[in-house]
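> mind folding the following:
(chains A, B, C and D)
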Protein chains: 2
Amino acid sequence: MAQRKSERTRAGILAAARERFGADGYERATVRAIAADAAIDPAMVIRYFGSKEKLFAEAAEFDIRLPDVSGVPAAEVGTTLVRHLVARWEEDDTFRVLLRTAATNESAAERMRHVFATQLAPTLAGLAVDQPALRAGLVATQALGFALCRYILQLPPVTALTADQAVAFLAPTITHYLTAPLSAE
Amino acid sequence: MAQRKSERTRAGILAAARERFGADGYERATVRAIAADAAIDPAMVIRYFGSKEKLFAEAAEFDIRLPDVSGVPAAEVGTTLVRHLVARWEEDDTFRVLLRTAATNESAAERMRHVFATQLAPTLAGLAVDQPALRAGLVATQALGFALCRYILQLPPVTALTADQAVAFLAPTITHYLTAPLSAE
DNA sequence: CACGGAAGTCAACAGCTGTTGGCATATGCT
DNA sequence: AGCATATGCCAACAGCTGTTGACTTCCGTG
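Numbering: from 1, shown residues only, chains lettered A, B, ... in the order given. Coordinates of the predicted model:
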């Protein structure tokens, strides 16, 4: 097996890349810095991934892995959804990479829209009482806004929350956006 | 008046800088590109503002100019607040500059926290029924999340909204965060 | 008109960037 | 063992970055 060792260094580069991209964003995260974190030569980063952009593409591959909520009582759907999202964001930093970079990099923004359209919106469509696209959009504003304030901007009152508190505060809003009548409030 | 002409070109540089920073973020917006937009030599940008960072600091100086809501009926506070925020964001792109850049630039993030702490939180504190810091933080997640999805990520369902629709959808959430009991939802 | 200072141009700098090719080394197979 | 190939390092490249200093041009004032 000639592949065994290479796969480990490849994974090391990817891990270092995720951390750097997540901390610094696409432009400031240099190939040299990523290579140094992975204790390897910068040339190897290019050899393994072709280019910085392809490395980023792989590092930002994000699967939201939404749970199946078809069996969940309607009243608990919001809580279930939010709990999953927060847990998912806390456990790995791939999403932070994507969110941070999407602010300044158009291809990352496009990928973010793609995640929204293919992963979030379809699931929410089954839960919304009407106007699924609009409701999914509203949910996104609250969900991504929370992630932005907590992980990127790090607003003190938002970082101070425990995950459970965050879920308790956000869930009613999500439920509201999915089910409340929208025209006259 | 030796100053008159210089002030015009200075304003021109600042306008070009705001546009470039807003469109590309701090790193990708180069001094040379800003200078080209302002039809001037890159050296002048430095001469007028000292450095790229100081230019950014001036370009991202943002005053949220929240209205006085002390005389507004409690039921309409949310709507008034949101309407003002959305109108303010639509009319000038300084806020977009700041938001976009805050994602990848720590000093811009710090400035964002400062705007939150000195401009948004104090006003909201007078409107919250309790726990003002927490409630201001929750309001920020929704408000900034909307701005992120609409102006930066440009999620189709969110950009499709008219300003009035956006206000109508967000206002109840803001009111909820300011006034609803928080412990058991 | 002559002068002084402001306004602007030009070329160049040092440093960093992603990327490439050549060369050494180690590793696994026969 | 000996070869082939994968793995890695080194040095260098061309291009871009923010920034600087010297030089020219313009303009209002004495």
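> measure the closest residue to A:Ala103 other than its chain neighbours to DNA strand C for me?
Ranked by CB to CB, 6 or more residues apart in numbering or on different chains and with sequence neighbours excluded, the top spatial neighbour of A:Ala103 is B:Ala103, at 3.5 Å. Where you see a C-beta, it was placed from the backbone N, CA and C, and this is true even at glycine. Separation of B:Ala103 from DNA strand C (CB to the nearest atom of the strand, to the nearest Å): 18 Å.
> if I pick B:Ala103, what's in contact with it?
Counting by CB atoms under 8 Å, 6 or more residues apart in numbering or on different chains, B:Ala103 touches A:25, A:99-100, A:102-104, A:148, A:152, B:25, B:109.
> which of the residues you listed ranks first by neighbour count?
Neighbour counts for these, by other CB atoms under 10 Å in any protein chain shown, peak at A:Leu148, which reaches 28 neighbours.
> the helix or strand harbouring A:Leu178 near chain B at all?
Secondary-structure element containing A:Leu178, defined by DSSP states H and E: helix A:163-179. Yes: using CB under 8 Å from any CB of the partner chain, helix A:163-179 reaches chain B at A:168-173, A:176-177.
> list the contacts of that helix.
Residues contacting helix A:163-179 (CB under 8 Å, 6+ apart): A:74-75, A:77-79, A:81-83, A:86-87, A:90, A:124, A:127-129, A:135, A:138-139, A:142-143, A:146, A:150, A:161, B:138, B:141-142, B:169, B:172-173, B:176-177, B:180, B:182, B:185.
> what comes up buried for it?
The neighbour-count check on helix A:163-179 (16 or more other CB atoms under 10 Å in any protein chain shown) flags A:166-179 as buried.
> got those residues as CSV, with pLDDT columns?
Converted to CSV, these look like this (pLDDT from 0 to 100):
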residue, pLDDT
A:Ala166, 98
A:Val167, 98
A:Ala168, 97
A:Phe169, 98
A:Leu170, 98
A:Ala171, 97
A:Pro172, 97
A:Thr173, 98
A:Ile174, 97
A:Thr175, 97
A:His176, 97
A:Tyr177, 97
A:Leu178, 96
A:Thr179, 95
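> could you give the angle of the helix holding A:Leu178 to helix B:163-179?
Per axes from the mean of the first three to the mean of the last three CA atoms, to 10 degrees, the angle that helix A:163-179 makes with helix B:163-179 is 140 degrees.
> distance between helix A:163-179 and the chain's centre?
18 Å (CA atoms, centre = their mean, to the nearest Å).
> with stretch A:123-140 instead?
Relative to the centre of its chain, stretch A:123-140 is centred 19 Å away, using CA atoms, centre = their mean.
> rewinding a little: which one of the residues of helix A:163-179 next to chain B is nearest A:Ala38?
The nearest member of these to A:Ala38, counting by CB to CB, is A:Leu170 at 36.0 Å.
> from B:Glu27, how far out is A:His84?
When distance is defined by CB to CB, to the nearest Å, A:His84 is 33 Å away from B:Glu27.
> ok, A:Asp41 next?
According to CB to CB, A:Asp41 and B:Glu27 sit 25 Å apart.
> more crowded one of these two?
A count of neighbours by other CB under 10 Å puts B:Glu27 above the other of A:Asp41 and B:Glu27, at 16 against 12.
> so that one touches A:Thr30, yeah?
No: applying CB atoms under 8 Å, one finds B:Glu27 not in contact with A:Thr30, separated by 11.1 Å.
> excluding chain neighbours, what is closest to the residue in chain A that chain B sits nearest to?
Residue nearest to chain B within chain A: A:Gly145 (1.7 Å; CB to the nearest CB). Among residues not flanking A:Gly145 along the chain, B:Gly145 sits closest, at 1.7 Å (CB to CB, 6+ apart).
> please name the residues that touch the one you found.
Counted by CB under 8 Å, 6+ apart, B:Gly145 has contacts A:140-146, A:148-149.
> at 6 Å instead, please
Contacts for B:Gly145 (CB atoms under 6 Å, 6 or more residues apart in numbering or on different chains) come out as A:141-142, A:144-145.
> could you do A:Ala33 as well?
By CB under 6 Å, 6+ apart, the residues touching A:Ala33 are A:Arg20.
> helix or strand for it, just tell me which one.
Going by DSSP H and E, A:Ala33 is in helix A:31-37.
> mind listing what's buried along that helix?
Within helix A:31-37, the residues that qualify as buried are A:31, A:33-35, A:37, counting by 16+ other CB under 10 Å.
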